[in-house]
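K.L.:
Any chance you could fold what I've pasted below:
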Amino acid sequence: MLLGLSLVLYEFRTGFIQNSLGVGGHVAILICGTAFSVWGLKEIISSHWPRFAGRGYHFRLPIEGGMYIIIMIVLFIGSLIGRSNPLMLVFSLMVGPFILNGWYTFTMLRSLYVRREIPKRIMAGETFTASIVLENRKTWPTAWLMNVSDSVVHASGYLSPEVLFVNVPPRQERRGHYQLRLKKRGKYQLGPVDVTTRFPLGLVERGVILSVQDELLVYPRTGHLKPDWRRYLQQSIELVSHVRPQTGPFNDDLYRIREYRPGDDPRMIHWRTSARMSELVVCDYKESRDRDLILIVDPWVSPKASDEESDDAERALRFATTVCMDHLRNSRESSLRVTLFGKKSVHWQGGTGDQHLETLLDALALFEITNKSLDDSLFADCDTNGRGRVLLITTRPEQVSKLTAGPDLRTSQVQVVGASLQSISMMYLDDVIT
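P.N.:
All right, here's what the predicted structure looks like:
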(Lines give C-alpha, C1' and ligand atoms only; values in the text may rest on other atoms or scores of the structure.)
Protein backbone atom coordinates (compact mmCIF):
# COMPACT_ATOMS: atom_id res chain seq x y z
CA MET A 1 0.00 0.00 0.00
CA LEU A 2 2.83 2.40 0.87
CA LEU A 3 4.61 1.55 -2.38
CA GLY A 4 1.52 2.39 -4.44
CA LEU A 5 0.93 5.68 -2.66
CA SER A 6 4.60 6.62 -3.03
CA LEU A 7 4.54 5.95 -6.79
CA VAL A 8 1.41 8.08 -7.29
CA LEU A 9 2.69 11.00 -5.19
CA TYR A 10 6.13 10.90 -6.81
CA GLU A 11 4.65 10.95 -10.31
CA PHE A 12 2.30 13.85 -9.50
CA ARG A 13 5.11 15.93 -7.98
CA THR A 14 7.86 15.28 -10.57
CA GLY A 15 6.16 13.89 -13.69
CA PHE A 16 9.24 11.67 -14.14
CA ILE A 17 7.51 8.77 -15.94
CA GLN A 18 5.51 11.13 -18.17
CA ASN A 19 8.69 12.91 -19.29
CA SER A 20 10.45 9.58 -19.91
CA LEU A 21 7.69 7.41 -21.44
CA GLY A 22 4.96 9.87 -22.37
CA VAL A 23 1.29 10.01 -21.46
CA GLY A 24 0.92 6.20 -21.69
CA GLY A 25 3.57 5.63 -19.05
CA HIS A 26 2.03 8.35 -16.86
CA VAL A 27 -1.41 6.69 -16.95
CA ALA A 28 0.09 3.23 -16.41
CA ILE A 29 2.05 4.27 -13.31
CA LEU A 30 -1.04 5.95 -11.80
CA ILE A 31 -3.17 2.83 -12.39
CA CYS A 32 -0.48 0.55 -10.91
CA GLY A 33 -0.01 2.78 -7.88
CA THR A 34 -3.75 2.92 -7.15
CA ALA A 35 -4.10 -0.85 -7.60
CA PHE A 36 -1.17 -1.49 -5.22
CA SER A 37 -2.75 0.77 -2.59
CA VAL A 38 -6.19 -0.88 -2.72
CA TRP A 39 -4.70 -4.35 -2.80
CA GLY A 40 -2.40 -3.56 0.14
CA LEU A 41 -5.33 -2.28 2.22
CA LYS A 42 -7.23 -5.51 1.54
CA GLU A 43 -4.22 -7.59 2.62
CA ILE A 44 -3.90 -5.65 5.88
CA ILE A 45 -7.57 -6.30 6.71
CA SER A 46 -7.35 -10.02 5.85
CA SER A 47 -4.12 -10.48 7.84
CA HIS A 48 -5.18 -8.75 11.06
CA TRP A 49 -8.94 -9.40 10.99
CA PRO A 50 -9.41 -12.71 9.13
CA ARG A 51 -13.02 -13.03 10.31
CA PHE A 52 -13.98 -9.93 8.31
CA ALA A 53 -12.21 -11.22 5.23
CA GLY A 54 -14.22 -14.46 5.02
CA ARG A 55 -13.13 -17.08 2.55
CA GLY A 56 -10.62 -15.63 0.13
CA TYR A 57 -7.01 -15.46 -0.97
CA HIS A 58 -4.48 -13.13 0.56
CA PHE A 59 -0.88 -12.19 -0.12
CA ARG A 60 2.07 -11.22 2.02
CA LEU A 61 5.66 -10.34 1.21
CA PRO A 62 8.25 -11.93 3.51
CA ILE A 63 11.47 -10.07 4.23
CA GLU A 64 13.25 -11.91 1.41
CA GLY A 65 10.53 -10.96 -1.05
CA GLY A 66 10.59 -7.32 0.07
CA MET A 67 14.36 -7.06 -0.49
CA TYR A 68 13.94 -8.77 -3.86
CA ILE A 69 11.37 -6.16 -4.94
CA ILE A 70 13.58 -3.27 -3.78
CA ILE A 71 16.43 -4.60 -5.94
CA MET A 72 14.07 -4.89 -8.93
CA ILE A 73 12.83 -1.30 -8.45
CA VAL A 74 16.40 0.01 -8.28
CA LEU A 75 17.30 -1.84 -11.48
CA PHE A 76 14.16 -0.62 -13.23
CA ILE A 77 14.69 3.03 -12.29
CA GLY A 78 18.39 2.78 -13.16
CA SER A 79 17.60 1.35 -16.58
CA LEU A 80 15.17 4.21 -17.26
CA ILE A 81 17.49 6.95 -16.07
CA GLY A 82 20.58 5.55 -17.76
CA ARG A 83 18.70 4.14 -20.75
CA SER A 84 20.61 0.90 -20.16
CA ASN A 85 19.32 -2.24 -21.89
CA PRO A 86 21.49 -4.65 -19.80
CA LEU A 87 19.92 -3.31 -16.60
CA MET A 88 16.46 -3.71 -18.13
CA LEU A 89 17.39 -7.29 -19.11
CA VAL A 90 18.50 -8.09 -15.55
CA PHE A 91 15.27 -6.54 -14.26
CA SER A 92 13.25 -8.74 -16.61
CA LEU A 93 15.16 -11.85 -15.52
CA MET A 94 14.35 -11.07 -11.88
CA VAL A 95 10.68 -10.41 -12.56
CA GLY A 96 10.21 -13.90 -14.05
CA PRO A 97 10.94 -15.95 -10.87
CA PHE A 98 8.89 -13.54 -8.76
CA ILE A 99 5.82 -13.93 -10.98
CA LEU A 100 6.38 -17.70 -11.25
CA ASN A 101 6.53 -18.03 -7.47
CA GLY A 102 3.28 -16.09 -7.05
CA TRP A 103 1.48 -18.08 -9.75
CA TYR A 104 2.61 -21.46 -8.45
CA THR A 105 1.63 -20.74 -4.84
CA PHE A 106 -1.80 -19.61 -6.04
CA THR A 107 -2.20 -22.78 -8.12
CA MET A 108 -1.33 -25.01 -5.15
CA LEU A 109 -3.90 -23.28 -2.92
CA ARG A 110 -6.78 -23.90 -5.29
CA SER A 111 -9.25 -26.72 -4.44
CA LEU A 112 -7.84 -27.27 -0.96
CA TYR A 113 -10.29 -28.36 1.74
CA VAL A 114 -9.76 -28.63 5.47
CA ARG A 115 -11.72 -30.38 8.19
CA ARG A 116 -11.10 -30.44 11.93
CA GLU A 117 -11.65 -33.34 14.32
CA ILE A 118 -11.93 -32.40 18.00
CA PRO A 119 -13.78 -33.62 21.09
CA LYS A 120 -16.96 -31.68 21.78
CA ARG A 121 -16.38 -31.43 25.53
CA ILE A 122 -13.28 -31.47 27.71
CA MET A 123 -12.22 -30.55 31.26
CA ALA A 124 -10.27 -27.35 31.92
CA GLY A 125 -6.56 -28.02 32.26
CA GLU A 126 -6.84 -31.27 30.32
CA THR A 127 -4.54 -31.72 27.32
CA PHE A 128 -6.36 -32.86 24.19
CA THR A 129 -5.41 -33.49 20.59
CA ALA A 130 -7.05 -31.79 17.62
CA SER A 131 -6.67 -33.34 14.17
CA ILE A 132 -6.46 -31.27 10.99
CA VAL A 133 -7.14 -33.06 7.70
CA LEU A 134 -5.92 -31.27 4.56
CA GLU A 135 -7.35 -32.58 1.28
CA ASN A 136 -5.97 -31.73 -2.18
CA ARG A 137 -8.80 -32.22 -4.68
CA LYS A 138 -6.83 -31.07 -7.72
CA THR A 139 -5.44 -33.38 -10.40
CA TRP A 140 -2.28 -31.24 -10.46
CA PRO A 141 0.00 -30.11 -8.79
CA THR A 142 1.12 -31.51 -5.43
CA ALA A 143 0.60 -29.09 -2.54
CA TRP A 144 4.02 -28.53 -0.93
CA LEU A 145 4.87 -27.04 2.49
CA MET A 146 1.36 -26.03 3.51
CA ASN A 147 1.14 -24.25 6.87
CA VAL A 148 -2.36 -24.55 8.38
CA SER A 149 -3.04 -21.96 11.08
CA ASP A 150 -6.12 -22.57 13.23
CA SER A 151 -7.81 -20.00 15.48
CA VAL A 152 -9.25 -20.65 18.96
CA VAL A 153 -11.35 -17.77 20.30
CA HIS A 154 -12.58 -17.33 23.88
CA ALA A 155 -13.73 -14.35 25.91
CA SER A 156 -10.43 -14.46 27.80
CA GLY A 157 -8.10 -14.54 24.78
CA TYR A 158 -7.09 -15.88 21.38
CA LEU A 159 -4.85 -18.79 20.35
CA SER A 160 -3.42 -19.66 16.92
CA PRO A 161 -2.03 -23.23 16.77
CA GLU A 162 -0.31 -24.29 13.54
CA VAL A 163 0.33 -27.54 11.65
CA LEU A 164 2.82 -27.94 8.79
CA PHE A 165 2.10 -30.37 5.94
CA VAL A 166 5.19 -31.28 3.90
CA ASN A 167 3.25 -32.40 0.83
CA VAL A 168 -0.27 -33.43 -0.14
CA PRO A 169 -0.39 -35.34 -3.46
CA PRO A 170 -3.27 -34.75 -5.91
CA ARG A 171 -6.55 -36.47 -5.01
CA GLN A 172 -5.21 -37.37 -1.55
CA GLU A 173 -5.36 -36.08 1.99
CA ARG A 174 -2.95 -35.82 4.88
CA ARG A 175 -3.62 -35.64 8.61
CA GLY A 176 -1.79 -33.43 11.13
CA HIS A 177 -2.25 -32.86 14.85
CA TYR A 178 -1.75 -30.20 17.46
CA GLN A 179 -2.28 -30.31 21.23
CA LEU A 180 -3.97 -27.72 23.43
CA ARG A 181 -4.54 -27.28 27.14
CA LEU A 182 -7.29 -24.77 27.86
CA LYS A 183 -7.35 -23.46 31.43
CA LYS A 184 -10.56 -21.42 31.30
CA ARG A 185 -14.03 -22.95 31.30
CA GLY A 186 -16.68 -21.84 28.82
CA LYS A 187 -17.43 -22.02 25.12
CA TYR A 188 -14.59 -21.79 22.60
CA GLN A 189 -15.07 -20.96 18.92
CA LEU A 190 -12.65 -22.67 16.52
CA GLY A 191 -12.15 -21.28 13.03
CA PRO A 192 -11.60 -19.97 10.44
CA VAL A 193 -8.50 -21.77 9.14
CA ASP A 194 -5.70 -19.99 7.26
CA VAL A 195 -3.65 -22.11 4.81
CA THR A 196 -0.42 -20.45 3.61
CA THR A 197 2.65 -21.45 1.61
CA ARG A 198 5.88 -19.89 0.25
CA PHE A 199 6.92 -22.80 -1.93
CA PRO A 200 9.10 -22.98 -4.04
CA LEU A 201 11.35 -19.88 -3.81
CA GLY A 202 10.11 -18.23 -0.63
CA LEU A 203 9.71 -14.83 -2.33
CA VAL A 204 5.93 -14.69 -2.02
CA GLU A 205 3.60 -15.98 0.69
CA ARG A 206 0.07 -16.63 -0.42
CA GLY A 207 -2.78 -18.02 1.60
CA VAL A 208 -6.46 -18.83 1.61
CA ILE A 209 -8.90 -18.44 4.51
CA LEU A 210 -11.34 -21.34 4.85
CA SER A 211 -14.46 -21.10 6.98
CA VAL A 212 -14.18 -24.27 9.10
CA GLN A 213 -16.19 -23.54 12.26
CA ASP A 214 -16.50 -25.69 15.39
CA GLU A 215 -17.48 -25.22 19.01
CA LEU A 216 -15.83 -26.68 22.09
CA LEU A 217 -17.22 -26.70 25.63
CA VAL A 218 -14.69 -26.65 28.46
CA TYR A 219 -16.00 -27.89 31.82
CA PRO A 220 -14.73 -26.63 35.18
CA ARG A 221 -11.81 -28.69 36.35
CA THR A 222 -12.62 -31.20 39.08
CA GLY A 223 -10.58 -32.49 41.99
CA HIS A 224 -10.70 -35.47 44.34
CA LEU A 225 -12.58 -35.21 47.62
CA LYS A 226 -10.80 -36.62 50.63
CA PRO A 227 -12.48 -39.37 52.65
CA ASP A 228 -13.00 -36.83 55.44
CA TRP A 229 -15.48 -34.98 53.24
CA ARG A 230 -18.37 -37.41 53.79
CA ARG A 231 -17.76 -37.52 57.53
CA TYR A 232 -17.57 -33.74 57.67
CA LEU A 233 -20.83 -33.34 55.77
CA GLN A 234 -22.60 -36.04 57.77
CA GLN A 235 -21.55 -34.53 61.09
CA SER A 236 -22.78 -31.11 60.03
CA ILE A 237 -26.20 -32.63 59.31
CA GLU A 238 -26.40 -34.61 62.53
CA LEU A 239 -25.65 -31.50 64.62
CA VAL A 240 -28.93 -29.90 63.61
CA SER A 241 -32.53 -30.89 64.14
CA HIS A 242 -34.80 -31.98 61.31
CA VAL A 243 -38.53 -32.24 61.08
CA ARG A 244 -39.33 -35.66 59.64
CA PRO A 245 -42.77 -37.22 59.20
CA GLN A 246 -43.21 -40.06 61.68
CA THR A 247 -44.87 -42.87 59.72
CA GLY A 248 -43.78 -45.72 61.97
CA PRO A 249 -41.40 -46.83 64.71
CA PHE A 250 -38.40 -46.83 62.36
CA ASN A 251 -36.94 -44.12 60.16
CA ASP A 252 -34.50 -46.33 58.25
CA ASP A 253 -35.08 -48.01 54.89
CA LEU A 254 -36.81 -51.38 54.56
CA TYR A 255 -34.17 -54.02 53.81
CA ARG A 256 -36.08 -57.36 53.68
CA ILE A 257 -38.96 -59.39 55.15
CA ARG A 258 -38.02 -62.54 57.07
CA GLU A 259 -39.54 -65.05 59.48
CA TYR A 260 -40.09 -64.09 63.10
CA ARG A 261 -37.40 -65.14 65.57
CA PRO A 262 -37.70 -65.22 69.34
CA GLY A 263 -36.45 -61.94 70.75
CA ASP A 264 -37.50 -59.81 67.78
CA ASP A 265 -39.25 -56.55 68.55
CA PRO A 266 -43.01 -57.13 68.15
CA ARG A 267 -43.29 -53.71 66.51
CA MET A 268 -41.29 -55.11 63.57
CA ILE A 269 -44.02 -57.66 62.72
CA HIS A 270 -45.64 -57.06 59.32
CA TRP A 271 -49.19 -58.11 60.10
CA ARG A 272 -50.63 -58.12 56.58
CA THR A 273 -47.92 -60.38 55.22
CA SER A 274 -48.13 -62.57 58.34
CA ALA A 275 -51.87 -63.03 57.81
CA ARG A 276 -51.37 -63.89 54.15
CA MET A 277 -48.58 -66.41 54.84
CA SER A 278 -50.17 -67.82 58.02
CA GLU A 279 -46.94 -67.27 59.97
CA LEU A 280 -45.28 -64.38 61.69
CA VAL A 281 -42.84 -62.33 59.53
CA VAL A 282 -40.89 -59.23 60.48
CA CYS A 283 -39.36 -56.35 58.57
CA ASP A 284 -35.60 -55.83 58.64
CA TYR A 285 -34.43 -52.26 58.31
CA LYS A 286 -31.05 -50.91 57.36
CA GLU A 287 -29.62 -47.54 58.23
CA SER A 288 -29.61 -45.22 55.22
CA ARG A 289 -26.84 -42.63 54.98
CA ASP A 290 -27.79 -41.45 51.50
CA ARG A 291 -29.75 -38.23 51.58
CA ASP A 292 -31.00 -35.98 48.83
CA LEU A 293 -28.60 -33.09 48.25
CA ILE A 294 -29.60 -29.55 47.38
CA LEU A 295 -26.54 -27.63 46.22
CA ILE A 296 -26.78 -23.84 45.99
CA VAL A 297 -23.84 -22.14 44.28
CA ASP A 298 -23.38 -18.38 44.62
CA PRO A 299 -20.04 -17.40 42.98
CA TRP A 300 -20.49 -13.66 43.46
CA VAL A 301 -17.92 -11.01 42.51
CA SER A 302 -18.03 -7.27 43.16
CA PRO A 303 -18.75 -4.90 40.22
CA LYS A 304 -15.04 -4.00 40.12
CA ALA A 305 -13.77 -7.47 40.79
CA SER A 306 -10.08 -8.08 41.38
CA ASP A 307 -8.25 -11.08 39.98
CA GLU A 308 -8.35 -12.68 43.43
CA GLU A 309 -12.13 -12.38 43.62
CA SER A 310 -12.54 -13.86 40.15
CA ASP A 311 -10.25 -16.75 41.08
CA ASP A 312 -12.31 -17.41 44.23
CA ALA A 313 -15.52 -17.49 42.20
CA GLU A 314 -14.04 -19.92 39.68
CA ARG A 315 -12.66 -22.05 42.52
CA ALA A 316 -16.13 -22.22 44.05
CA LEU A 317 -17.51 -23.48 40.72
CA ARG A 318 -14.77 -26.12 40.49
CA PHE A 319 -15.55 -27.27 44.01
CA ALA A 320 -19.28 -27.41 43.26
CA THR A 321 -18.58 -29.48 40.15
CA THR A 322 -16.51 -31.94 42.18
CA VAL A 323 -19.24 -32.30 44.82
CA CYS A 324 -21.89 -32.90 42.14
CA MET A 325 -19.87 -35.59 40.38
CA ASP A 326 -19.06 -37.30 43.67
CA HIS A 327 -22.70 -37.33 44.74
CA LEU A 328 -24.05 -38.61 41.43
CA ARG A 329 -21.52 -41.43 41.28
CA ASN A 330 -21.51 -42.57 44.91
CA SER A 331 -25.06 -41.96 46.18
CA ARG A 332 -27.22 -44.78 44.95
CA GLU A 333 -30.62 -43.89 46.37
CA SER A 334 -30.71 -40.11 46.53
CA SER A 335 -31.28 -37.27 44.10
CA LEU A 336 -29.44 -34.03 43.43
CA ARG A 337 -30.77 -30.53 42.89
CA VAL A 338 -28.46 -27.71 41.85
CA THR A 339 -29.18 -23.99 41.78
CA LEU A 340 -26.62 -21.71 40.15
CA PHE A 341 -27.20 -18.11 41.21
CA GLY A 342 -25.79 -15.80 38.51
CA LYS A 343 -26.69 -13.37 35.76
CA LYS A 344 -29.13 -16.01 34.59
CA SER A 345 -29.93 -18.46 37.36
CA VAL A 346 -29.90 -22.15 36.46
CA HIS A 347 -31.99 -24.85 38.15
CA TRP A 348 -31.11 -28.49 37.54
CA GLN A 349 -32.48 -31.70 39.02
CA GLY A 350 -31.53 -35.31 38.39
CA GLY A 351 -31.06 -38.73 39.90
CA THR A 352 -27.82 -40.60 40.35
CA GLY A 353 -25.41 -42.05 37.83
CA ASP A 354 -23.08 -40.70 35.16
CA GLN A 355 -25.89 -40.47 32.60
CA HIS A 356 -27.07 -37.23 34.23
CA LEU A 357 -23.70 -35.53 34.24
CA GLU A 358 -23.57 -34.06 30.74
CA THR A 359 -26.43 -31.57 31.04
CA LEU A 360 -25.23 -30.43 34.46
CA LEU A 361 -21.64 -29.96 33.27
CA ASP A 362 -22.87 -28.03 30.22
CA ALA A 363 -24.69 -25.63 32.53
CA LEU A 364 -21.60 -25.21 34.73
CA ALA A 365 -19.40 -24.55 31.69
CA LEU A 366 -21.69 -21.82 30.31
CA PHE A 367 -22.59 -20.27 33.67
CA GLU A 368 -22.01 -16.50 33.95
CA ILE A 369 -20.80 -15.25 37.32
CA THR A 370 -22.97 -12.58 38.91
CA ASN A 371 -22.33 -9.23 40.59
CA LYS A 372 -25.96 -8.53 41.47
CA SER A 373 -27.19 -8.07 45.02
CA LEU A 374 -28.43 -10.93 47.19
CA ASP A 375 -32.13 -11.67 47.63
CA ASP A 376 -34.45 -14.39 48.91
CA SER A 377 -34.51 -16.16 45.53
CA LEU A 378 -31.18 -17.73 46.48
CA PHE A 379 -33.07 -20.13 48.78
CA ALA A 380 -36.11 -20.68 46.58
CA ASP A 381 -35.36 -24.43 46.30
CA CYS A 382 -34.32 -24.92 49.91
CA ASP A 383 -37.23 -27.15 50.96
CA THR A 384 -35.95 -30.68 51.63
CA ASN A 385 -39.17 -32.19 53.07
CA GLY A 386 -37.07 -33.50 55.93
CA ARG A 387 -35.17 -35.99 53.77
CA GLY A 388 -32.23 -34.06 52.39
CA ARG A 389 -29.44 -31.67 53.16
CA VAL A 390 -28.62 -28.26 51.79
CA LEU A 391 -25.08 -27.17 50.95
CA LEU A 392 -24.46 -23.52 50.07
CA ILE A 393 -21.19 -22.52 48.40
CA THR A 394 -20.82 -18.76 48.39
CA THR A 395 -18.16 -16.07 48.15
CA ARG A 396 -20.10 -13.60 50.33
CA PRO A 397 -20.84 -15.41 53.64
CA GLU A 398 -21.40 -12.22 55.65
CA GLN A 399 -24.32 -11.17 53.45
CA VAL A 400 -25.70 -14.70 53.40
CA SER A 401 -25.56 -14.90 57.21
CA LYS A 402 -27.69 -11.76 57.48
CA LEU A 403 -30.18 -13.16 55.00
CA THR A 404 -30.45 -16.56 56.70
CA ALA A 405 -31.07 -14.90 60.05
CA GLY A 406 -34.68 -14.30 59.02
CA PRO A 407 -37.44 -16.27 60.77
CA ASP A 408 -38.92 -17.76 57.61
CA LEU A 409 -35.86 -19.78 56.58
CA ARG A 410 -34.88 -23.16 58.01
CA THR A 411 -31.33 -22.12 58.65
CA SER A 412 -30.57 -25.32 60.53
CA GLN A 413 -30.57 -27.20 57.22
CA VAL A 414 -28.01 -25.00 55.45
CA GLN A 415 -24.28 -25.76 55.59
CA VAL A 416 -22.26 -22.79 54.27
CA VAL A 417 -18.79 -22.90 52.70
CA GLY A 418 -17.36 -19.41 53.05
CA ALA A 419 -15.55 -16.75 51.10
CA SER A 420 -11.94 -17.58 51.87
CA LEU A 421 -12.61 -21.09 50.57
CA GLN A 422 -9.91 -22.42 52.88
CA SER A 423 -12.16 -25.33 53.77
CA ILE A 424 -12.38 -26.15 50.07
CA SER A 425 -8.64 -26.46 49.63
CA MET A 426 -8.55 -28.80 52.65
CA MET A 427 -10.89 -31.17 50.84
CA TYR A 428 -8.73 -31.65 47.78
CA LEU A 429 -5.92 -34.11 47.37
CA ASP A 430 -2.68 -32.11 47.24
CA ASP A 431 -2.95 -29.18 44.78
CA VAL A 432 -4.73 -30.81 41.87
CA ILE A 433 -6.75 -27.66 41.29
CA THR A 434 -4.63 -24.81 39.90
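K.L.:
which regions of the protein lie under the pLDDT threshold?
P.N.:
46-55, 232-255, 285-290, 332-333, 351-356, 375-388, 402-434 (pLDDT under 70).
K.L.:
Can you pull up the most central residue in it?
P.N.:
Nearest to the geometric centre of the chain sits Tyr188, at 3.4 Å (C-alpha atoms, centre = their mean).
K.L.:
Wait, a strand at that one?
P.N.:
Yes: with DSSP: H, G, I helix; E, B strand; the rest coil as the criterion, Tyr188 is assigned to a strand.
K.L.:
For Thr222, see how far away it is.
P.N.:
Distance, Tyr188 to Thr222, by C-beta to C-beta, to the nearest Å: 19 Å. For glycine as for every other residue, the C-beta is placed from the backbone atoms N, C-alpha and C.
K.L.:
Kindly report the same for Ile69.
P.N.:
Per C-beta to C-beta, Ile69 is found 56 Å from Thr222.
K.L.:
who has more neighbours, the two?
P.N.:
Comparing Ile69 with Thr222 by other C-beta atoms under 10 Å, the one with more neighbours is Thr222, at 22 against 17.
K.L.:
and the more buried one, what are its phi and psi?
P.N.:
Torsion angles at Thr222 (phi, psi; degrees, to the nearest 10) stand at phi -110, psi 160.
K.L.:
Please apply the same query to Asp214.
P.N.:
phi -150, psi 160.
K.L.:
For beta bridges, what are the partners of the nearest residue in space to it that is not next to it in sequence?
P.N.:
Once flanking residues are discounted, Asp214 sits nearest to Leu190: 4.3 Å by C-beta to C-beta, 6 or more residues apart in numbering. Listed beta-bridge partners, Leu190: Val152, Asp214 (assigned using DSSP bridges).
K.L.:
Report whether the expected contact of Leu190 with Val152 is present.
P.N.:
Yes: in this structure, Leu190 is within contact of Val152 by C-beta atoms under 8 Å, at 5.6 Å.
K.L.:
overlap in contacts of the two?
P.N.:
Overlap of the contact sets of Leu190 and Val152 (by C-beta atoms under 8 Å, 6 or more residues apart in numbering) consists of Leu216.
K.L.:
quick revisit: check contacts around the residue nearest to the centre of the chain.
P.N.:
Taking C-beta under 8 Å, 6+ apart, we find Tyr188 in contact with 152-154, 182, 215-218.
K.L.:
Can you tell me which of those residues is closest to Leu2?
P.N.:
When the contacts of Tyr188 are compared for distance to Leu2 (C-beta to C-beta), Val153 wins out at 30.4 Å.
K.L.:
Quick check on Arg206: phi, psi?
P.N.:
Dihedral pair for Arg206: phi -120, psi 150, per degrees, to the nearest 10.
K.L.:
Next: the one 4 residues further on.
P.N.:
Reported as degrees, to the nearest 10, the phi and psi values for Leu210 are phi -110, psi 130.
K.L.:
what sits against it?
P.N.:
With contact taken as C-beta under 8 Å, 6+ apart, Leu210 is in contact with 55, 112-114, 192-195.
K.L.:
Mark which of the residues you listed are buried, thanks.
P.N.:
Buried by 16 or more other C-beta atoms under 10 Å: 112, 114, 192-195, out of those.
K.L.:
and of the residues you listed, the nearest to Thr127?
P.N.:
Distance to Thr127, by C-beta to C-beta, is smallest for Val193 among the buried ones among the contacts of Leu210, at 21.3 Å.
K.L.:
Isn't the closest one up against Tyr113?
P.N.:
No: counting by C-beta under 8 Å, Val193 does not reach Tyr113; the two are 10.1 Å apart.
K.L.:
before we move on, the earlier item: is it possible to get JSON lines of the contacts of Leu210 that adds secondary structure and distance to Asp298?
P.N.:
Listed next are the contacts of Leu210 as JSON lines, based on DSSP: H, G, I helix; E, B strand; the rest coil; distance: C-beta to C-beta, whole Å:
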{"residue": "Arg55", "secondary structure": "coil", "distance to Asp298": "45"}
{"residue": "Leu112", "secondary structure": "strand", "distance to Asp298": "50"}
{"residue": "Tyr113", "secondary structure": "strand", "distance to Asp298": "48"}
{"residue": "Val114", "secondary structure": "strand", "distance to Asp298": "44"}
{"residue": "Pro192", "secondary structure": "coil", "distance to Asp298": "39"}
{"residue": "Val193", "secondary structure": "strand", "distance to Asp298": "41"}
{"residue": "Asp194", "secondary structure": "strand", "distance to Asp298": "43"}
{"residue": "Val195", "secondary structure": "strand", "distance to Asp298": "47"}
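K.L.:
Put together a markdown table for those residues, with distance to Pro170 on each row.
P.N.:
Below are the contacts of Leu210 laid out as a markdown table (distance: C-beta to C-beta, whole Å):
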| residue | distance to Pro170 |
| --- | --- |
| Arg55 | 22 |
| Leu112 | 11 |
| Tyr113 | 13 |
| Val114 | 16 |
| Pro192 | 24 |
| Val193 | 21 |
| Asp194 | 22 |
| Val195 | 16 |
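K.L.:
What ranges does this structure have for its helices?
P.N.:
With DSSP state H as the criterion, the chain has helices at 2-14, 16-21, 23-48, 50-53, 63-82, 85-109, 228-238, 271-277, 307-330, 357-366, 397-404, 422-426.
K.L.:
among these, which is the most enclosed?
P.N.:
Stretch with highest mean neighbour count among the helices of the chain: helix 307-330 (a mean of 19; mean count of other C-beta atoms under 10 Å).
K.L.:
got the angle for that helix vs helix 357-366?
P.N.:
Inter-element angle recorded for helix 307-330 and helix 357-366: 180 degrees (by axes from the mean of the first three to the mean of the last three C-alpha atoms, to 10 degrees).
K.L.:
Please name every helix or strand in contact with helix 307-330.
P.N.:
strand 292-298, strand 336-340, helix 357-366, strand 388-394, helix 422-426 (3 or more C-beta pairs under 8 Å, 6 or more residues apart in numbering; DSSP states H and E).
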